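S.K.: Show me how the following folds:
(one chain, ligands or ions: 2)
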Amino acid sequence: METLELDPSLLLGVKEIDEQHKELVDLINHSRAILQSDQDLTELAQIFHRLEQLIIHHFSAEELLMVKYKYPGLQHHKEMHDISVRRTFDLDVSHITSDPKVGEALVNQLSEWLFKHIKEDADMVSYLKKQGAC
Ligand SMILES: [Fe+2]
Ligand SMILES: [Fe+2]
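M.R.: Residues are numbered from 1 along each chain as shown. Ligands and ions are numbered 1, 2, ... in the order given. Reported below is the predicted structural model:
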């Protein structure tokens with residue numbers, strides 16, 4: 001499993017959003033580090049819980065910015081968030097502490113999701129920047 005990195009093309013230019021994406025990347029990397037070492041997998045379950053909370057917080061921060069700056073694509077973007085939240089909560093973490101393969105599959109799934117999510121944010125962020133929300 002490779003460590004995720006936010007290369008410059010994935011830094012979108014609105015500080016609050018970039019910092020939250022970075023925090024999500026860091027947590028996913030922390031999960032990988034636990035799986036690659038022999039650390040206690042109960043810590044992994046805690047990190048997944050923290051990731052869920054952070055994703056919800058991040059989506060609501062983006063949605064507040066979209067409302068504040070009257071982003072025309074708000075509804076579509078919010079629908080993408082809602083689908084992501086449903087998928088995240090669908091992840092079956094019940095065997096995470098007993099089987100490292102479960103953790104590995106979840107971490108891979110979340111990594112893929114995060115990069116897709118950041119790319120989906122690009123249009124919204126370029127609109128927000130034009131409106132001065134940096
Ligand atoms: Fe985002
Ligand atoms: Fe988003």
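
S.K.: what's around residue 106, how many residues?
M.R.: By the criterion of other Cβ atoms under 10 Å, residue 106 has 22 neighbours. Quick note: C-beta positions are derived from backbone N, CA and C, even for glycine.

S.K.: hang on, I meant residue 100
M.R.: 16.

S.K.: Next: residue 99.
M.R.: Residue 99: 11 surrounding residues under other Cβ under 10 Å.

S.K.: Could you do residue 2 as well?
M.R.: Applying other Cβ under 10 Å, I find that residue 2 has 7 neighbouring residues.

S.K.: ok, now residue 118?
M.R.: For residue 118, the number of neighbouring residues by other Cβ under 10 Å comes to 20.

S.K.: hang on, it packs against residue 22?
M.R.: No. Counting by Cβ atoms under 8 Å, residue 118 sits too far from residue 22 to count as a contact (10.3 Å).

S.K.: so what sits against both of the two?
M.R.: Counting by Cβ atoms under 8 Å, 6 or more residues apart in numbering, the common neighbours of residue 118 and residue 22 are residue 6.

S.K.: Contact residues of this protein facing ligand 2?
M.R.: Residues of the chain lying close to ligand 2 (Cβ under 5 Å from the ion) are 62, 121.

S.K.: how about the helices in the chain?
M.R.: If DSSP state H is used as the criterion, the helices of the chain fall at 15-36, 41-68, 74-90, 100-130.

S.K.: got those as a markdown table, with mean pLDDT columns?
M.R.: Output for the helices of the chain, formatted as a markdown table (pLDDT from 0 to 100):
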| stretch | mean pLDDT |
| --- | --- |
| helix 15-36 | 93 |
| helix 41-68 | 93 |
| helix 74-90 | 90 |
| helix 100-130 | 91 |
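
S.K.: Just put those in CSV and tack on distance to residue 3.
M.R.: As requested, the helices of the chain are exported to CSV (distance: least, Cβ to Cβ, whole Å):
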stretch, distance to residue 3
helix 15-36, 5
helix 41-68, 15
helix 74-90, 21
helix 100-130, 10
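
S.K.: quick one, which of those is nearest to residue 9?
M.R.: Closest to residue 9 of these is helix 100-130 (Cβ to Cβ; 9.4 Å).
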